[in-house]
Every structure is written in C-alpha cells, then in structure tokens.
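Novice: only the shape, not the letters, is given here:
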C-alpha cells in the first residue's frame, strides 16, 4: 500500500510533484494526468470503452481536493473533475509513466492518420 505524503502543483510549468512515504517522488504533467484520468468518462467500464483524450497540451489543474486519506480529486480548467486519483493509481501511473505516455503518443498519431481517411470502394 502506497501513501502520498505531499502533492505540490507548479502552476507555471503545469506539473505535479507526487511524494510517497517510501521517499520516491514523481513529476507528472497536468496533460498526462488529464489524459490518463481514472474516471469512467476516460477509462470507460471496460478496456474496450477507453476513450482517447485529445488536445490537452495546455490543460491545467485548478484545484486539488483531498478525498479521505486515500485519494485526491483534480479539477482541471477544461471542466473535468470526475476522476478520483487514489494513491495506488498515482503510484501505478507514475512508475509506468514512460510506457503509458508512449502508448498515448502512438494512439494520437494513429488517430491523426486515420481521422481523415475515407475508405473508397471502386465498383467496376
């Protein structure tokens, strides 16, 4: 069980420092946190329902609300506020950041290449 001891948000750079009681600290961008929100709106109710969140390069966190002793709710300036970021979830995405970010970048690139393609069927 991982326990967060401190959350420090840098408003200018839009990054969040997450400190855990084991001494580890991770820095996560607001864009990463928004695009990887644990909310059903983003994650869906199954892996097949997961949504690709686009155009959040400039998103910022407006407020951070504690939820008991186990999570925080981030209110983003785009209005998103429904994800509860448990300490376990934060630790999981922080330790897998590079792989998760690369998956996201690849999904965005795939989306961009497919969004304008129109299948054409030639009938003789």
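Specialist: Alright, I've got the coordinates. What you are looking at is a predicted structure, and each value in this text was computed from that prediction instead of being measured.
Novice: what kind of secondary structure is residue 111 in?
Specialist: Following DSSP: H, G, I helix; E, B strand; the rest coil, we place residue 111 in the helix state.
Novice: apart from its neighbours in sequence, what residue is nearest it?
Specialist: Leaving aside its chain neighbours, residue 111 sits nearest to residue 52 (5.9 Å; criterion: Cβ to Cβ, 6 or more residues apart in numbering). In short, each C-beta sits where N, CA and C put it, glycine included.
Novice: the one you found and residue 106 touch, don't they?
Specialist: No: if you go by Cβ atoms under 8 Å, residue 52 and residue 106 don't touch, sitting 10.7 Å apart.
Novice: which strand or helix spans the residue nearest to residue 111?
Specialist: Here residue 52 sits in a region with no helix or strand, counting by DSSP states H and E.
Novice: that one: how many residues sit nearby?
Specialist: Around residue 52 there are 11 other residues, counting by other Cβ atoms under 10 Å.
Novice: and the residue nearest the centre of the chain?
Specialist: In the chain, the residue lying closest to the centroid (Cα atoms, centre = their mean) is residue 36, at 2.3 Å.
Novice: mind listing what it touches?
Specialist: Each residue near residue 36 by Cβ atoms under 8 Å, 6 or more residues apart in numbering is listed here: 42, 93, 100, 104.
Novice: the same query, at a cut-off of 7 Å, please.
Specialist: Going by Cβ atoms under 7 Å, 6 or more residues apart in numbering, residue 36 touches 93, 100.
Novice: next one: the one 3 residues further on
Specialist: Residue 39 sits next to 82, 83 when contact means Cβ under 7 Å, 6+ apart.
Novice: same question for residue 94.
Specialist: If you count contacts by Cβ under 7 Å, 6+ apart, residue 94 has them with 18, 26, 28.
Novice: retrieve the pLDDT associated with the residue nearest to the centre of the chain.
Specialist: We have a pLDDT of 96 for residue 36.
Novice: surely residue 66 meets residue 72?
Specialist: Yes: in this structure, residue 66 is within contact of residue 72 by Cβ atoms under 7 Å, at 5.8 Å.
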